[in-house]
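Asker: okay, here's the prediction I keep looking at, along with the sequence it came from:
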Amino acid sequence: MKLLVMGLDCAAPELLLGDDRLANVRRLMARGCYGRLESVIPPITVPAWMCMAASQDPGSLGVYGFRNRVDHSYEKLAVATSRSFSATAIWDQIALQGGRSVVIGMPPGFPPRTIEGTWVGCFLTPDPRTSVYTHPPEAKDEIAALVGDYPVDVHGFRTSNKAWLRDELFSMTRKHFRVVRHFLGRGDWDYFQFVEIGLDRIHHGFWKYHDPQHVLHEPGSPFADVIRDYYLYLDQEIGRLLELLPEDTLVLLASDHGAQRLDGGFCVNEWLLRQGLLALHEYPQQPTPLSKLAVDWSRTVAWSEGGYYARVFLNVKGREPVGTIDPADYERVRDELAARLGATVDPSGKPLGTRVFKPEEVYRSVRNVAPDLIVHFGDLFWRSIGGIGYPDIHVLENDTGPDDCNHAQYGAFVLAGPGVRALGEMCNAHLLDVAPTLLALAGYDVPPGMQGRVGLGEPSPSRLAIP
């Protein structure tokens, strides 16, 4: 049996599963099972796709986001790469049992992994024109012959030039699927996975035009249908791929997390400063990243890295270079800070609904340098702003450029093929269940280190009707 995983980064279940115009998706749904797919904490592209592939949580993998602390110093942060992960992934297990894989656009996919088969790098590839981003290296020439310059991403997607962004994203995705069809059609694989990043970029760039509840919604915008049109286009591409498959192919369509409107940004380091928990030698005259400011570590209790969620770190004696928290007081200080973060409010004074997590309580193990607290402001309707120098704690825009949406905890899945009954809508499916389920259905061994269960949820009592 062959396995095909079609990854749509950031696909929202209400859009992917709820639009009856997506004819090919609906046909897959009618043949098997589908539903919301709970992501990991935090629901971030890196490490979520690798969590799915290895069936291990972020703490066990030791990667908590795109950037991670290298040690307990204050400055050293490293961007995650393919070398940041050593756990056995689904393609590794298939290779151990004699199978070959093709993996395209899987984050983090650079440097290219040496697998039994073909690997094509993801959007983290520095420059596909000058970088070796494939394994084997000659696959790069094969791709160039197909599409010319291969765009791994639309750089500068946080832009106000929406017409340009729309056109670039559709153009990029067309090239991606041409490459996917080429390698899929060769048939020399047992496991095939691709991840399309364009959907994530479409959401971040156009959600305010799509969603009437967005705080910056523009009724009647010429970009109102860009997101829906992109889903329709993806459905057509999915149909073209399905036509190339042998009958004995198990098919999974899945996203690593979902999408939802972004109500604004919460300036977490500004808040910590005003709470008396972070100190500067000099306050900036304009919004400035924390990394460019002179922090007075001798008077600092906590600081944070911004992003879609917040990673909050405590300044502990004997752990950090200029620690201020006695280790005996660590849990008390952490609990007090967690309670204060959980009580944060919106601009009108109403509770944000912020969720605060301790790594050891949500992960089976905690490796490398983990945050002391993981914070989802407003249950991810608010993102974390790391800079200091803002007049208010709450801001409307992302600090890295225009951004209309944040990640949601639930992505989506559709599973169909040999051994899959037409059970309809499922509930309680988790991202970590994907790899063991696929391996078991296809007759492969499930590695003992995988944390998920075999099976994607249970039949839902509220079935989503399929026409």
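Answerer: Happy to help now that I have it.
Asker: going forward, measure contacts between C-alpha atoms and count neighbours the same way
Answerer: Noted.
Asker: which strands and helices lie in contact with the one helix or strand residue 335 maps to?
Answerer: Using DSSP states H and E, residue 335 maps to helix 330-342. Helix 330-342 makes packing contacts with strand 355-357, strand 373-376 when contacts are defined by 3 or more CA pairs under 8 Å, 6 or more residues apart in numbering; DSSP states H and E.
Asker: who's in contact with it?
Answerer: Residues external to helix 330-342 that are found in contact with it (CA atoms under 8 Å, 6 or more residues apart in numbering): 314, 316, 325, 353-356, 372-373, 375.
Asker: who wins for neighbours among the residues you listed?
Answerer: Comparing the contacts of helix 330-342 by number of neighbours (other CA atoms under 10 Å), residue 375 comes first, having 29 neighbours.
Asker: what's the distance between that residue and residue 323?
Answerer: Note on residue 375: its distance to residue 323, by CA to CA, to the nearest Å, is 22 Å.
Asker: one step back: include distance to residue 189 when you put the contacts of helix 330-342 into JSON lines, please.
Answerer: Rendered in JSON lines, the data for the contacts of helix 330-342 read as follows (distance: CA to CA, whole Å):
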{"residue": "314", "distance to residue 189": "47"}
{"residue": "316", "distance to residue 189": "50"}
{"residue": "325", "distance to residue 189": "54"}
{"residue": "353", "distance to residue 189": "46"}
{"residue": "354", "distance to residue 189": "44"}
{"residue": "355", "distance to residue 189": "42"}
{"residue": "356", "distance to residue 189": "42"}
{"residue": "372", "distance to residue 189": "42"}
{"residue": "373", "distance to residue 189": "42"}
{"residue": "375", "distance to residue 189": "41"}
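Asker: quick one: strands adjacent to the helix or strand of the chain with the lowest mean pLDDT?
Answerer: In the chain, no helix or strand scores lower on mean pLDDT, DSSP states H and E than strand 458-459, which sits at a mean of 87. Using DSSP bridges, the strands paired with strand 458-459 in its sheet are strand 424-430 (antiparallel).
Asker: next, the buried residues of the strand it pairs with.
Answerer: 424-427, 429-430 (16 or more other CA atoms under 10 Å).
Asker: nearest to residue 132, of those residues?
Answerer: Nearest to residue 132 among the buried residues of strand 424-430 is residue 430, at 34.0 Å by CA to CA.
Asker: give the burial count for the closest residue in space to residue 321 that isn't next to it in sequence, as a bare number.
Answerer: Nearest in space to residue 321, with sequence neighbours left out and distances taken as CA to CA, 6 or more residues apart in numbering, is residue 73 at 6.3 Å. For residue 73, the neighbour count with other CA under 10 Å is 13.
Asker: name the element residue 73 belongs to?
Answerer: For residue 73, there is no helix or strand it lies in under DSSP H and E.
Asker: residue 413 too?
Answerer: Using DSSP H and E, residue 413 sits within strand 410-416.
Asker: name the strands paired with that strand and say parallel or antiparallel.
Answerer: strand 33-38 (antiparallel), strand 249-254 (antiparallel).
Asker: quick one: closest of those to residue 391.
Answerer: Counting by CA to CA, residue 391 lies closest to strand 33-38 out of the strands paired with strand 410-416; the figure is 36.3 Å.
Asker: return the alpha-carbon coordinates of the closest one using CSV.
Answerer: These are the backbone C-alpha positions of strand 33-38, laid out as CSV (Å, rounded to 0.1, in the frame of the first residue of the first chain):
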residue,chain,number,x,y,z
CYS,A,33,-13.4,10.0,7.9
TYR,A,34,-12.6,13.6,8.6
GLY,A,35,-12.7,16.3,11.3
ARG,A,36,-10.8,18.8,13.3
LEU,A,37,-7.2,17.8,14.2
GLU,A,38,-5.9,19.1,17.5
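Asker: distance between that strand and the chain's centre?
Answerer: Computed by CA atoms, centre = their mean, to the nearest Å, the chain-centroid distance of strand 33-38 equals 16 Å.
Asker: I would like the residues contacting it, please.
Answerer: With contact meaning CA under 8 Å, 6+ apart, strand 33-38 is reached by 13, 17, 254-255, 257, 409-416, 420-431.
Asker: on that earlier part again, for the contacts of helix 330-342, give me CSV that also has pLDDT and distance to residue 161.
Answerer: Converted to CSV, the contacts of helix 330-342 look like this (pLDDT from 0 to 100; distance: CA to CA, whole Å):
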residue, pLDDT, distance to residue 161
314, 98, 40
316, 98, 45
325, 98, 47
353, 97, 33
354, 98, 32
355, 98, 34
356, 98, 36
372, 98, 39
373, 98, 36
375, 98, 32
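Asker: tell me the one of those nearest residue 344?
Answerer: Among these, residue 354 lies closest to residue 344 (CA to CA), at 6.8 Å.
Asker: check contacts around the closest one.
Answerer: Applying CA under 8 Å, 6+ apart, the residues near residue 354 are 341-344, 375-380.
Asker: mind redoing it with 6 Å?
Answerer: 342, 376-379 (CA atoms under 6 Å, 6 or more residues apart in numbering).
Asker: top of those residues by number of neighbours, please.
Answerer: residue 377 leads the contacts of residue 354 on contacts (other CA under 10 Å) with 27 neighbours.
Asker: do you know the pLDDT at it?
Answerer: Residue 377 carries a pLDDT score of 98 in this model.
Asker: and for residue 461?
Answerer: In this model, residue 461 carries a pLDDT of 74.
Asker: burial count for residue 122?
Answerer: When neighbours are counted by other CA under 10 Å, residue 122 registers 28.
Asker: so where's the stretch 301-450 of the chain shaky on pLDDT?
Answerer: Within the stretch 301-450 of the chain, the ranges that satisfy pLDDT under 70 run 400.
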